[in-house]
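Undergrad: okay, predicted coordinates and the sequence, questions at the end:
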Amino acid sequence: MTTTPIHPAAAHMASELESQPRTWSIAAALTDEQAVLPARGERIAVIGCGTSWFMAQSYAWLRESGGHGETDAFTASEAFVDRGYDAVVALTRSGTTTEVLQVAERLKGRVRTIGVIGDATSPLVGLVDDAITLPFADEQSVVQTRFATTALALFRASLGEDLGRAVADAETALAEVLDPALVDAEQYSFLGQGWSVGLAHEAALKMREASQSWTESYPSMEYRHGPIAIAAPGRVTWHFGEAPVGLEGDVLATGARFEAGTLDPMAELVRAQRVALARALARGLDPDAPRNLTRSVILDD
């Protein structure tokens, strides 16, 4: 399906990336698991680290803006969870991330905790009150792709969204022939509004992790408050979802490329993942084992 030539070193990221339409469809059908998530009207926090934190941001915006209840998103190491929340959702692919485990231990017996976890055998399963495990979306690559988006698909479906368009758009993103100029750009700034801000942050993280590229990310309306200073020919400003009026023109005036994402923002993230993979391969890098990174951050006591 993908047009990206696959080096054996990138086999895990490539196959996991391409499986996303299937895993999203599975998550959308998990109605029993969705019912375990906090009920409408509950005041909640969502925690995670790295990629999971960015997905938490997207879920929080969708849940609160949809009238389902006040929802905060925190990176686990900086989480304010002693605020009288009705529940805390902990999102983690491995279920072994030290900061997440520490928060779960702190809340045990005090606040209902719900884990959304890739590895069903992880220690977090035994620490939370309710565990939603998504082993079909777990991954071997260090660079995370499908678990994050599949968890967000689960969250979106739990809020009543029909994911049919998102799945179809993901198929489109996977079938697209990547523009070499997009892959070979010098620098990328990813932008979003509302729930797509978290996805913009995640796109930038994927580019850094997989291909050691210079990437930044911002809420769309913040971009003109300084960051647009780096826009220039050979660089890309990539917007997820509908862009604010006038932004495209301001970017084009700098000589930079404005990539207007027309797909569902989750599918637009798939496009960015593909570009990150293509850049990694072009540089002779192995995104399944990126520099300085491990699959889970486990800290010494």
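TA: Yep, that arrived.

Undergrad: surely His225 is in a helix?
TA: No. Judged by DSSP: H, G, I helix; E, B strand; the rest coil, His225 forms no part of a helix; its state is coil.

Undergrad: for it, give me its contacts.
TA: Contact partners of His225, counting by Cβ atoms under 8 Å, 6 or more residues apart in numbering, are absent. No exception for glycine: its C-beta is placed from N, CA and C like everyone else's.

Undergrad: sketch out the low-pLDDT regions of this structure for me.
TA: Applying pLDDT under 70 to the chain picks out residues 1-9, 290-301.

Undergrad: do you have the helices of it handy? List them.
TA: For the chain, the helices defined by DSSP state H cover 11-18, 20-28, 31-36, 51-65, 98-107, 124-127, 146-158, 164-175, 180-183, 196-211, 247-252, 265-282.

Undergrad: I'd like those helices laid out as a markdown table, including distance to Ile114.
TA: Below are these laid out as a markdown table (distance: least, Cβ to Cβ, whole Å):
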| stretch | distance to Ile114 |
| --- | --- |
| helix 11-18 | 24 |
| helix 20-28 | 15 |
| helix 31-36 | 6 |
| helix 51-65 | 12 |
| helix 98-107 | 10 |
| helix 124-127 | 11 |
| helix 146-158 | 11 |
| helix 164-175 | 23 |
| helix 180-183 | 38 |
| helix 196-211 | 19 |
| helix 247-252 | 37 |
| helix 265-282 | 21 |
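
Undergrad: how about those in JSON lines, adding mean neighbour count and distance to Trp238?
TA: Formatted as JSON lines, the helices of the chain follow (neighbours: other Cβ atoms under 10 Å; distance: least, Cβ to Cβ, whole Å):
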{"stretch": "helix 11-18", "mean neighbour count": "22", "distance to Trp238": "17"}
{"stretch": "helix 20-28", "mean neighbour count": "22", "distance to Trp238": "19"}
{"stretch": "helix 31-36", "mean neighbour count": "13", "distance to Trp238": "31"}
{"stretch": "helix 51-65", "mean neighbour count": "24", "distance to Trp238": "15"}
{"stretch": "helix 98-107", "mean neighbour count": "20", "distance to Trp238": "29"}
{"stretch": "helix 124-127", "mean neighbour count": "18", "distance to Trp238": "33"}
{"stretch": "helix 146-158", "mean neighbour count": "27", "distance to Trp238": "17"}
{"stretch": "helix 164-175", "mean neighbour count": "18", "distance to Trp238": "13"}
{"stretch": "helix 180-183", "mean neighbour count": "14", "distance to Trp238": "9"}
{"stretch": "helix 196-211", "mean neighbour count": "26", "distance to Trp238": "7"}
{"stretch": "helix 247-252", "mean neighbour count": "16", "distance to Trp238": "10"}
{"stretch": "helix 265-282", "mean neighbour count": "26", "distance to Trp238": "7"}
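
Undergrad: neighbours around the closest residue to Ala289 other than its chain neighbours, how many?
TA: Spatially, and ignoring its direct neighbours in sequence, Ala289 is nearest to Val142 (6.0 Å; Cβ to Cβ, 6 or more residues apart in numbering). Val142 has 18 neighbouring residues, counting by other Cβ atoms under 10 Å.

Undergrad: likewise Asp82?
TA: If we define neighbours as other Cβ under 10 Å, then Asp82 has 10 of them.

Undergrad: and the one 3 residues further on, by the same measure?
TA: With neighbours defined by other Cβ under 10 Å, the count for Tyr85 comes to 22.

Undergrad: give me phi/psi at it?
TA: Here is the backbone geometry of Tyr85 (degrees, to the nearest 10): phi -70, psi 150.

Undergrad: could you find the closest non-adjacent residue to it?
TA: Ala45 (5.1 Å).

Undergrad: my read: that neighbour touches Ala79, true?
TA: Yes. The pair Ala45 and Ala79 qualifies as a contact (Cβ atoms under 8 Å) at a distance of 6.7 Å.

Undergrad: now do the phi/psi pair for the closest residue to Ala11 other than its chain neighbours.
TA: Excluding its sequence neighbours, the residue lying closest to Ala11 (Cβ to Cβ, 6+ apart) is Asp288, at 7.2 Å. Main-chain dihedrals, Asp288, degrees, to the nearest 10: phi -80, psi -20.

Undergrad: identify the residues contacting Asp288.
TA: Ala9, Ala10, Ala11, His12, Met13, Gln140, Ser141, Val142, Val143.
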